[in-house]
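Colleague: What shape does this take:
(2 chains)
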Amino acid sequence: MGVCWCKDKISDEEPPYATSSAGSGIGSVGTELRPRIPEVVDTFIVDRLVLEMLTLIASFVDNDEESPVSLVKLHVIADKEDGWIQVVSSMVNVIPLEDPFGPSAITILFDDCPLPSKESVIRVTELFELSSQRANTGDLNVRVERNICVVLGCIAEKLAGPNSVAVLTDKTLDYLLTFLITRREACIVLFALIALEKFAHTTENKLTIKSRLEQEQVNPLLILEELADSDDYMWRQVGFCAKWTLDNLFIVEGRELSYEKVDMSEINVILNSHDVSEYLKISCNGLEARCDSYSFESVRCTFQVDDGCWYYESVIITPGVMQIGWATKNSHFLNHEGYGIGDDLYSLSYDGCRKLVWHKARASAVTEVAAWRPGDVLGCLIDFPSREVIFSLNGKRLQTCHEIFETTRCGFFAAASFMAFQQCLFNFGSEPFKYPPVDRPFSIFNEHGHLTDEEKKVVPRRVYLEQLRCSSVKEDSCTLCFDDTACCVLEPCGHRGFCSVCTSQLKECPMCRAGILNVRREVT
Amino acid sequence: MAALPRRIIKETQRLMQEPVPGISAVPSETNARYFHVIVTGPEDSPFEGGLFKLELFLPEDYPMSAPKVRFITKIYHPNIDRLGRICLDILKDKWSPALQIRTVLLSIQALLSAPNPDDPLANDVAELWKVNEGEAIRNAKEWTRRYAMDN
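Modeller: Residues are numbered from 1 along each chain as shown, chains lettered A, B, ... in the order given. From the prediction side, this is the model:
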């Protein structure tokens, strides 16, 4: 998808600062770059590099390109403790509110920089002078406060355990909670909430936050979750996240979990909560999804289409990078490598932020429409007889795609991938379409899909994992997967204890690394 | 999520019930494939007394492919680079599905006891380790004190 170059491009053998000259206009990066960066870099220069990086992320689409020079430079600066603090301060000060890449850019940079010492992290938070007064001040600088909340979330995600507890001081907590209680600016509330969610990955913090929430007359999250259906897309995100944290992290006694009370009677196709990468959040009705992780999260729907003509819509809630379209089960979700829908042979997607149609990890630019905005409706049509996939934005058709049918003819699901802090709402036909195709008859997922009551439950991940942990394993199960019965003997080495599914994937014996000439099945 | 393989559930249960001495590996509450790991620096190594934080992720095709592990705490070691990436054969071409999270973490702990500057990932560190082991060890101790001894 071309935004996670940090991981793709920096191979294990070639650390970023040791790559040979990647001269591309701005300046050359070579092995000798390090000594050239002085101990203290001008704030102005760091600010400029951060802004440059933002523009570059937006234009960076080729997975084979080298890391942008400004990113490499920022890494080198951030490698020193003082430099790290400088880069963080700079991001807080200059990243504009409107830039759809802003918050994701902060996560990307954090993910790829070595983590500084606890002292530096604490120095940074002290630098911000966090307190409830700061959050209550009359002339709030929305941009700076929003960015501080994003940064706190990133720090919390990277630090777990005692360090995370050390950063979440009373003042930090006051600062974040004040935003939740006063509800002044949706974008700050959103990232304050996400930061709290990430701090809560450490159990001690979770208990602290939970008890602070309970001390309020009304738990602020209970008020915020009411916004989950809001037509104001910023507040809607806040509502979504509040609901998710109430179901997964800050459980309120006596509150029914969302999936237990949602009305699913008219909904027959949903996002498949068993066919999704790990960090994607799915709403209790299975139709809305959101990513708050730095990885590239993907999901497929529950309904497969093989012939005829089908159409669904998604409402864009956030203006950033999402790749929405079609994928077969052969398409893998390599969320940590930055690969998602449209990044292989078996999927095709549209990213309306950068205006790119993706297939085989290659992008083709779209000129028919402007970049998508919150509230826009993306239409996705697949027509098997005429071998066409047609995307549309608010009813305006983009160029027809044929290429995917060269390799794949059937087995498609509606599917999407999300960059950090992106969210969208799917309509598989349980609601009337806004821009239904008029030039051809089409079928609607929701009229053909069927789900059992059990399948309609989008159980919170916490509950699901708990259920799994209680399950037991049979005596004669495969020693590799524990899922199937062990029935294969490897020859000539004679090691046994593997099922046929695992054995079929082996090149050598897992026990002794001997080559496998034959597999004998044991009858039990 | 894709249905969690029993293999992961079983390994997690065992890690909780019979933890490896000197190593703690706790799965994330919201992601059963992501582990927060803390390895204590082995005795008689320059890393003694340090607590090193790592992240461990089990990819989709685990155990057919190796877990992804990296140091989050900074460490001065010839086989670990500045981004915390580890040069260890069993994490690459010598991976076997019979290996487990616990064996991987034990190997990493062993790597701390026995740095191998002839197969380096962090070139400048390895270079110093070869030409002036004493100074390299002093650096490693200093980094351990600065970054891995928090409380």
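Colleague: okay, and for chain B, where does confidence drop off?
Modeller: B:1-3, B:150-151 (pLDDT under 70).
Colleague: Can you show me the strands along it?
Modeller: B:23-27, B:34-40, B:51-57, B:68-71 (DSSP state E).
Colleague: residue nearest the centroid of chain B?
Modeller: The residue lying closest to the centre of chain B (C-alpha atoms, centre = their mean) is B:Ile108, at 4.4 Å.
Colleague: Would you mind measuring from B:Leu105 to chain A?
Modeller: When distance is defined by C-beta to the nearest C-beta, to the nearest Å, B:Leu105 is 16 Å away from chain A. (Each C-beta comes from the backbone N, C-alpha and C, glycine too.)
Colleague: near chain B, which residues of the stretch 201-350 of chain A?
Modeller: Within the stretch 201-350 of chain A, the residues that sit near chain B (C-beta under 8 Å from any C-beta of the partner chain) are A:201, A:248-249, A:273-279, A:332-334, A:336.
Colleague: Now intersect those with the strands, please.
Modeller: Among those, the members falling in strands are A:273-276 (criterion: DSSP E).
Colleague: Using neighbour counts, trim the residues you listed to the buried set.
Modeller: A:273, A:275-276 (16 or more other C-beta atoms under 10 Å in any protein chain shown).
Colleague: hang on, the earlier thing: nearest to chain A, of the strands of chain B?
Modeller: Ranking these by proximity to chain A (C-beta to the nearest C-beta) places strand B:34-40 first, at 4.8 Å.
Colleague: what's the closest one packed up against?
Modeller: Strand B:34-40 sits against strand B:23-27, strand B:51-57, helix B:101-113, with contacts defined as 3 or more C-beta pairs under 8 Å, 6 or more residues apart in numbering or on different chains; DSSP states H and E.
Colleague: ok, back up a step: pull the contacting residues for the residue nearest to the centre of chain B.
Modeller: Residues near B:Ile108 by C-beta atoms under 8 Å, 6 or more residues apart in numbering or on different chains: B:39, B:54, B:69, B:86, B:88.
Colleague: Show me which pair in those is furthest apart.
Modeller: B:Val39 and B:Leu88 (12.9 Å; C-beta to C-beta).
Colleague: For those two, indicate the residue with more neighbours.
Modeller: B:Val39 (26 against 21; other C-beta atoms under 10 Å in any protein chain shown).
Colleague: and A:Asn394, how many neighbours does it have?
Modeller: A:Asn394: 16 surrounding residues under other C-beta under 10 Å.
Colleague: meant to ask about A:Asp306, not that
Modeller: A:Asp306 has 10 neighbours, counted by other C-beta under 10 Å.
Colleague: Just list the residues touching it, thanks.
Modeller: A:384, A:410-412.
Colleague: for A:Ile317, what are its contacts?
Modeller: A:233, A:236-237, A:288, A:290, A:374, A:422-425.
Colleague: Closest to A:Leu130 out of those?
Modeller: Nearest to A:Leu130 out of the contacts of A:Ile317 is A:Gln237 (C-beta to C-beta; 22.6 Å).
Colleague: did I read that right, that closest one in a helix?
Modeller: Yes - under DSSP: H, G, I helix; E, B strand; the rest coil, A:Gln237 sits within a helix.
Colleague: Identify the residues contacting it.
Modeller: A:186, A:190, A:290, A:317-318, A:423.
Colleague: Kindly report the same for A:Gly325.
Modeller: A:Gly325 makes contact with A:341-342, A:347-350, A:358, A:380, A:389, A:391, A:414-416, according to C-beta under 8 Å, 6+ apart.
Colleague: Read off the pLDDT value for it.
Modeller: Looking at A:Gly325, its pLDDT is 97.
Colleague: Unless I misread the structure, it falls within a strand.
Modeller: Yes - counting by three-state DSSP, A:Gly325 is found in a strand.
Colleague: Residue 80: neighbouring residues, count only.
Modeller: I went with chain A, as the question did not name one. Here the number of neighbours of A:Lys80 (other C-beta under 10 Å) works out to 17.
Colleague: switch to chain B, that's the one I care about
Modeller: By the criterion of other C-beta under 10 Å, B:Ile80 has 26 neighbours.
Colleague: Next up, the contacts around it.
Modeller: B:71, B:86-87, B:121-122.
Colleague: nearest spatial neighbour of A:Glu288, skipping sequence neighbours?
Modeller: Closest residue to A:Glu288 in three dimensions, ignoring its sequence neighbours and counting by C-beta to C-beta, 6 or more residues apart in numbering or on different chains: A:Leu425, at 4.6 Å.
Colleague: and the one you found, that one's in a strand?
Modeller: Yes - counting by three-state DSSP, A:Leu425 falls inside a strand.
Colleague: List buried residues within the contacts of A:Gln237.
Modeller: For these, a burial check counting by 16+ other C-beta under 10 Å picks out A:186, A:190, A:290, A:317-318, A:423.
Colleague: and those residues as CSV, adding secondary structure and pLDDT?
Modeller: What follows is the buried ones among the contacts of A:Gln237, written out as CSV (DSSP: H, G, I helix; E, B strand; the rest coil; pLDDT from 0 to 100):
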residue, secondary structure, pLDDT
A:Ala186, helix, 95
A:Leu190, helix, 97
A:Arg290, strand, 97
A:Ile317, coil, 97
A:Thr318, coil, 96
A:Gln423, strand, 97
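Colleague: Of those residues, which pair is most distant in space?
Modeller: Maximum pairwise distance among the buried ones among the contacts of A:Gln237 (C-beta to C-beta): 14.8 Å, between A:Ala186 and A:Arg290.
Colleague: contact partners of stretch B:135-151?
Modeller: A:117-118, A:162-163, A:166, B:41, B:46-52, B:73-78, B:125, B:128-129.
Colleague: which residues in the stretch 301-450 of chain A form strands?
Modeller: Under the criterion DSSP state E, counting those that start in this stretch, the stretch 301-450 of chain A contains strands at A:309-316, A:322-327, A:347-351, A:356-359, A:362-365, A:377-383, A:388-393, A:396-397, A:412-418, A:422-427.
Colleague: Include distance to A:Arg123 when you put those strands into TSV, please.
Modeller: Shown next, in TSV, are the strands of the stretch 301-450 of chain A (distance: least, C-beta to C-beta, whole Å):
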stretch	distance to A:Arg123
strand A:309-316	39
strand A:322-327	36
strand A:347-351	38
strand A:356-359	40
strand A:362-365	41
strand A:377-383	44
strand A:388-393	46
strand A:396-397	50
strand A:412-418	33
strand A:422-427	31
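Colleague: Lowest mean pLDDT across the ones you listed, which one is that?
Modeller: Among the strands of the stretch 301-450 of chain A, strand A:362-365 scores lowest, at a mean of 90.
Colleague: Tell me, how many residues neighbour A:Ser230?
Modeller: Residues near A:Ser230, counting by other C-beta under 10 Å: 15.
Colleague: got it, and A:Asn272?
Modeller: Around A:Asn272 there are 22 residues (other C-beta under 10 Å).
Colleague: And B:Arg102, by the same measure?
Modeller: Close neighbours of B:Arg102, defined as other C-beta under 10 Å, add up to 16.
Colleague: ok, now which ones touch it?
Modeller: Neighbouring residues of B:Arg102 by C-beta under 8 Å, 6+ apart: B:11, B:14-15, B:20, B:23, B:25.
Colleague: Let me know the distance separating it from A:Cys410.
Modeller: 43 Å (C-beta to C-beta, to the nearest Å).
Colleague: Show me what counts as buried in the top helix by length along chain B.
Modeller: Criterion DSSP state H: the longest helix present in chain B is helix B:133-148. Neighbour counts over helix B:133-148 (16+ other C-beta under 10 Å) mark B:136-137, B:139-141, B:143-144, B:147-148 as buried.
Colleague: just those residues now: which is nearest A:Cys113?
Modeller: In terms of C-beta to C-beta, no member of the buried residues of helix B:133-148 lies closer to A:Cys113 than B:Tyr147, at 14.2 Å.
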